[in-house]
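*Asks:* Here is the input, now give the coordinates:
(2 chains)
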Amino acid sequence: MMITALTVLLCCQLAGEVVARLFRLPVPGPVLGMLFLFTLLLARTRVVEVVRDPAHVLLRHFSLLFVPAGVGLMRHGARLRAQALPIALAIVVSTAATVAVTALVFQLVARFRGKEGG
Amino acid sequence: MGPVARIWVYLHASPLLWLAATLLAYQLGTWLFQRARQRPLANPVPIAVAILILVLWATGTPYESYFEGAQFVHFLLGPATVALAVPLYQNRVQVRQALTPMLAALAAGSATAIVSAVVVARVFGATAETLSSLAPKSASTPIAMGISEQIGGLPSLTAAFVIATGIVGSTIVTPLLDWLRIRDWRGRGFSAGVAAHGLGAARAFQLNELAGTFAGIGLALNGVATAILAPLLIGWLR
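*Replies:* Numbers count the residues shown, from 1 in each chain, chains lettered A, B, ... in the order given. From the prediction side, this is the model:
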């Protein structure tokens, strides 16, 4: 079960990488792979029984997978220190603004559509 | 050579040590996160990252040696991103109903991410190279690095900004949205994915599955939106 699911996930990712490079798409392979798996699930409903549990295990521990890349911050210590203030402010202010604007626009449009009865 | 030194030499050459250390540091981060009663500011990822950087620095280990072990964890990012299709499929009815609010929020959020980062950094005196490297920071790493190269930034610096954005975003998203009184899990998750890519989605999955689903869509759509908007906007922002 676990191995079948891993095979499905890796083959979708592989297809995604190949298509992204073949057509020089600005989308990463795994994101295309997500689209392929979604299409596969729509076409073959029973595949969901195979991938459901392993997919949930991976996603429950999704944040662990970012730790190695996070440790990579140590390689940029000197540059980050030299422009620490503009970089830190830009990242904190911009990330907060993005979260707020995205969520507020989503809520506004969702409510407006709700009143329309759509 | 003493026994301790011999063991150290063996462990240094094997991926085992840093793979185990990565999992241990994350367990410790999770434990602290739970001890802090899951308070949003105690996020397991920055705790684990800080512990590991301190250990590597104290033992004089270069990042490349660390990554030989940690790459096995890093590799799973690909299949995990593909796995986002499963909750997407399971919640497809709710996703279809929310298409209009998602696209409106995406356009506003993606532009905000690029413009606000570049403007703030410029006002506080960052160099042109840093500005270009910052512009795609909310997209996921491979997209952001490609855009950065295209608009005159440094791809490896962009990778560092992307991770920093993910850590900041996944840490502030809960208190910020509570403060704004946004309770809809769809909008909460979507904004986490648009602003803080996979780390935002990872955070959303810890809290609520529907939020995680929408965060996955948010990160995929914002990758594409940033690839279109960043080259257009950077010209008149720099």
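*Asks:* Tell me which helix or strand in chain A has the weakest average pLDDT.
*Replies:* helix A:77-82 (a mean of 83; mean pLDDT, DSSP states H and E).
*Asks:* State the distance from A:Arg24 to B:Thr226.
*Replies:* 17 Å (CB to CB, to the nearest Å). In short, each C-beta sits where N, CA and C put it, glycine included.
*Asks:* Between these two, which has more neighbouring residues?
*Replies:* B:Thr226 (27 against 6; other CB atoms under 10 Å in any protein chain shown).
*Asks:* Buried residues, the helix or strand encompassing that one. List them.
*Replies:* Applying DSSP states H and E as the criterion places B:Thr226 in helix B:209-237. Neighbour-count burial for helix B:209-237, with 16 or more other CB atoms under 10 Å in any protein chain shown as criterion, is recorded at B:209-227, B:229-230, B:233-234, B:237.
*Asks:* List the buried residues of the least confident helix or strand of chain A.
*Replies:* A:79-80.
*Asks:* That one close to chain B?
*Replies:* Yes - with CB under 8 Å from any CB of the partner chain as the criterion, chain B is reached by helix A:77-82 at A:79-80.
*Asks:* How about residues contacting that helix?
*Replies:* Contacts to helix A:77-82, defined as CB atoms under 8 Å, 6 or more residues apart in numbering or on different chains, come from residues A:73, A:87, B:157, B:160.
*Asks:* which residues does B:Ala135 contact?
*Replies:* Counted by CB under 8 Å, 6+ apart, B:Ala135 has contacts B:114, B:117-118, B:147-148, B:151, B:153, B:230, B:233-234, B:237.
*Asks:* Roughly how far does it sit from B:Gly235?
*Replies:* 11 Å.
*Asks:* cool, A:Gly77 as well?
*Replies:* Distance from A:Gly77 to B:Gly235, by CB to CB: 31 Å.
*Asks:* Check residue 38 and give its pLDDT.
*Replies:* Just going to use chain A. pLDDT for A:Phe38: 95.
*Asks:* other chain: chain B
*Replies:* pLDDT, B:Gln38: 63.
*Asks:* Tell me how chain A divides into domains.
*Replies:* With domains defined by automatic domain parsing, chain A comprises A:1-65, A:72-118.
*Asks:* Could you save those domains as JSON lines and add columns showing distance to B:Val168?
*Replies:* Below are the domains of chain A laid out as JSON lines (distance: least, CB to CB, whole Å):
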{"stretch": "domain A:1-65", "distance to B:Val168": "14"}
{"stretch": "domain A:72-118", "distance to B:Val168": "5"}
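*Asks:* Relative to chain B, how far out is the residue nearest the centre of chain A?
*Replies:* What sits nearest the mean C-alpha location of chain A, by CA atoms, centre = their mean, is A:Val31, with 7.1 Å. According to CB to the nearest CB, to the nearest Å, A:Val31 and chain B sit 5 Å apart.
*Asks:* Spit out the contact partners of that residue.
*Replies:* Counted by CB under 8 Å, 6+ apart, A:Val31 has contacts A:16, B:81, B:140, B:220, B:223.
*Asks:* May I see the residues you listed arranged in TSV, with pLDDT and distance to B:Thr171 as well?
*Replies:* Formatted as TSV, those follow (pLDDT from 0 to 100; distance: CB to CB, whole Å):
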residue	pLDDT	distance to B:Thr171
A:Gly16	95	30
B:Thr81	90	21
B:Ser140	87	18
B:Ala220	88	22
B:Gly223	88	22
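*Asks:* Dump these to a markdown table, plus distance to B:Pro62.
*Replies:* Shown next, in a markdown table, are the contacts of A:Val31 (distance: CB to CB, whole Å):
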| residue | distance to B:Pro62 |
| --- | --- |
| A:Gly16 | 32 |
| B:Thr81 | 28 |
| B:Ser140 | 26 |
| B:Ala220 | 34 |
| B:Gly223 | 30 |
